[in-house]
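Student: what shape does this take:
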Amino acid sequence: MDRRRVGITGLGPVSCVGSGVDAFWSSLLEGTSGLGPIGAFDASGFASKLAGTVEGIDAKSFVPKSYRKATKVMARDAELAVAAAKLASDDAGLRTRGSEDGDAGFEIVPERTGCQIGAGLIAAEANELTRALVNSLDDDGKWDVQRWGTAEGGAQGMNNLPPLWMLKYLPNMLACHVTIIHGCEGPSNTILAAESSGLLSLGEGARVIERDDADISIVGGAESKLNLMGLMRLELLKRLAATGDATDGSRVVKPYDADAGGTLLAEGGGILIIEEMAHARARGVRVYAEVAGFGASQSDLRGETGLELAIESALRDAGATAADIDAIFPTGLGLPAADAHELGAFKTVFGDRLGEIPVVSLAPTIGDAMAGQGGLMTAAAALAVHHQTLPARIHAGTPAAGIDAGAGGSRDAALGNVLVCTTALGGQNAAAVLRRAT
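Tutor: Okay, the predicted model is just below:
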């Protein structure tokens, strides 16, 4: 039996440059960056003071009235995922358990609808932790593990954490909320692999449809590290650029530039609806692009191998060769070690032709949204294929020789096959070939 084909029928981008298809795509065409001063908390003590913040997202606006109480136990990551999933569902013209009475749309079959969402390690909110920690200090004002505990002699500091605290911060709560809201009863999974999470979830969802375990899947990822713990962790890992007094993050992130100083954090969610092609055609929905091939791999500890294996696997899966790729949407974080890994893989796969292929990094535009990055990149690539248009590219530096990744305006382009690929903090790599729908 021929393999079931998979298309992208709904997009739900939630980003610092806009949420929803129209706002997101317009910003990409205009070359607008959403990287600016952090306003969610006082970041003056950090070297990296700029980030990409999502504005105007209230989870209550994206769930049915009967579910609004549950938003009280949603971490920011879950809020982004829920909003993005609703946008994607509406964009695909679906009617789900999350629709209100009177809403039009195609009624999903719950047991034939899956959900695979990429997530990160969610940091607890500082005010919730400090409420418990303040009750766990010794006479010298230092944190005491015995006072934190509830055993004999303990001060039961941990009991000052809010009720259902654990359920708020489990990474699988993103997919949990989305499946409950929309009534997805097919295969469900959560993947934690930093920047590769969303693209790996796309591949997982595509495989579920290909093997006939579902007709529709909600896929992608979401994450917010715009908090004290998230920013500190990434700064200690030396992945973030020192920003000084700068206020424009688009001048800081410089993909494939030997003098790049690091990337900038962001929050965001990229959730997509993917669907078996015949199923999509039968209900007359628009197909942005076909997910023609997928591949994944793991780099070694030095990061010197891996991405090229994922790309080559995706090309084989798509029945394509390197000569068939018309554009590349890579991670391109402006982090020298990660960028060198990507560049080496591209040179291995594409050889001298690399300089002829437009490379579109979204990092100077939306920053590094971690688990949300792959879904946002895929949404941008799918829109490019659908409109046969490359978005504008922001770049304040000079990319390495041999790669077409410099600044430029949006332009029409013949895009038959586009490669989306990600590397990640933990060494996971993912690649997908998106093909113009026929």
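Student: so which residue is smack in the middle of this protein?
Tutor: Against the mean C-alpha coordinate of the chain, by CA atoms, centre = their mean, the closest residue is residue 372 at 1.7 Å.
Student: can you pull the pLDDT of that one?
Tutor: Looking at residue 372, its pLDDT stands at 98.
Student: contacts only, for it.
Tutor: Neighbouring residues of residue 372 by CB atoms under 8 Å, 6 or more residues apart in numbering: 14-15, 80, 118, 198, 220-223, 266-270. In short, each C-beta sits where N, CA and C put it, glycine included.
Student: let's go with 6 Å and repeat that
Tutor: 221, 222, 223, 268, 269, 270 (CB atoms under 6 Å, 6 or more residues apart in numbering).
Student: of those residues, which is the most crowded?
Tutor: Highest neighbour count within the contacts of residue 372, by other CB atoms under 10 Å: residue 221, with 42 neighbours.
Student: and that residue, that's in a helix?
Tutor: No: per DSSP: H, G, I helix; E, B strand; the rest coil, residue 221 lies outside any helix segment and is strand.
Student: quick one: contacts for it?
Tutor: Contacts of residue 221 (CB under 6 Å, 6+ apart): 117, 118, 197, 198, 201, 371, 372, 374, 375.
Student: give me the beta-bridge partners of it?
Tutor: With DSSP bridges as the criterion, residue 221 is bridged to residue 118, residue 270.
Student: pLDDT score assigned to it?
Tutor: For residue 221, pLDDT reads 98.
Student: tell me how far it lies from residue 54.
Tutor: As for residue 221, its distance to residue 54 is 14 Å (criterion: CB to CB, to the nearest Å).
Student: likewise residue 352?
Tutor: Taken as CB to CB, the span from residue 352 to residue 54 is 40 Å.
Student: the more surrounded of those two?
Tutor: residue 54 (27 against 8).
Student: ok, the contacts of residue 221 vs residue 403, which is closest?
Tutor: Of all those, residue 374 has the smallest distance to residue 403: 20.5 Å, by CB to CB.
Student: I figured the closest one hits residue 198, correct?
Tutor: Yes: Residue 374 is within contact range of residue 198, at 3.0 Å (criterion: CB atoms under 6 Å).
Student: which of the two has more neighbours?
Tutor: Using other CB under 10 Å as the criterion, residue 374 and residue 198 rank with residue 198 on top: 38 against 35.
Student: ok, whichever helix or strand residue 7 is part of: who's next to it in the sheet?
Tutor: Element membership of residue 7 [criterion: DSSP states H and E] is strand 6-15. Using DSSP bridges, the strands paired with strand 6-15 are strand 18-19 (antiparallel), strand 267-276 (antiparallel), strand 289-298 (antiparallel).
Student: with mean pLDDT and distance to residue 7 added, can I get these in a markdown table?
Tutor: Listed next are these as a markdown table, based on pLDDT from 0 to 100; distance: least, CB to CB, whole Å:
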| stretch | mean pLDDT | distance to residue 7 |
| --- | --- | --- |
| strand 18-19 | 97 | 23 |
| strand 267-276 | 98 | 6 |
| strand 289-298 | 97 | 5 |
